[in-house]
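> mind folding the following:
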Amino acid sequence: MMLEQMYYGDIPPIMVRLSYAPCHLPPDGVCKDHICKFHRRLHDYFRHHDLPNDWRIITFSEYSPEMGRAHYHCVVFGLDFNDFHKFISFHDIVQRCWPFGYVHTKRCWSLGALRYVS
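Predicted coordinates:
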């Protein structure tokens with residue numbers, strides 16, 4: 001991931017956490033199909049709305065013993081907030097593309113966060 005970030009230079013990555021609402025919990029804890037469809041929806045949204053689409057996303061699943069459920073950490077590389085659409089936030093776009101529960105987004109200013117998810 002460090003090499004990926006070096007490719008994008010000064011554009012900090014965006015950290016995304018996706019978790020499930022109780023009514024959407026998959027029986028196996030994680031669902032690869034949900035993540036694949038999320039990635040596709042996100043890229044399709046950007047294409048459809050003529051937003052920059054030359055970014056990359058890496059997703060990891062993690063099981064939280066405290067919560068008793070899985071969630072996902074995504075790292076988005078190469079998406080600059082300064083070039084972003086003025087009428088909708090990245091968080092709102094991610095929420096539209098993840099219909100299974102909760103979304104948390106933030107810029108990643110430290111390499112420690114990248115180490116945590118990898």
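> SS state for residue 43?
Judged by DSSP: H, G, I helix; E, B strand; the rest coil, the three-state class of residue 43 is helix.
> from residue 51, how far out is it?
If you measure residue 43 against residue 51 using Cβ to Cβ, to the nearest Å, the figure is 10 Å. For the C-beta atoms, the positions are set from N, CA and C on the backbone; glycine is no exception.
> do the same with residue 41
With the distance defined as Cβ to Cβ, residue 41 ends up 13 Å from residue 51.
> residue boundaries of the strands in the protein?
Secondary structure of the chain, counting by DSSP state E: strands at 14-20, 56-64, 69-77, 101-107.
> in CSV, list the ones you listed along with distance to residue 33.
Formatted as CSV, the entries for the strands of the chain read as follows, by distance: least, Cβ to Cβ, whole Å:
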stretch, distance to residue 33
strand 14-20, 13
strand 56-64, 13
strand 69-77, 13
strand 101-107, 15
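> quick one: which of these is nearest residue 91?
With Cβ to Cβ as the measure, strand 101-107 is the member of the strands of the chain nearest residue 91 (4.5 Å).
> any idea how far that closest one is from the middle of the chain?
Its chain's C-alpha centre lies 7 Å from the corresponding centre of strand 101-107 when counted by Cα atoms, centre = their mean, to the nearest Å.
> one more: stretch 40-52?
Using Cα atoms, centre = their mean, the mean C-alpha position of stretch 40-52 is found 14 Å from that of the whole chain.
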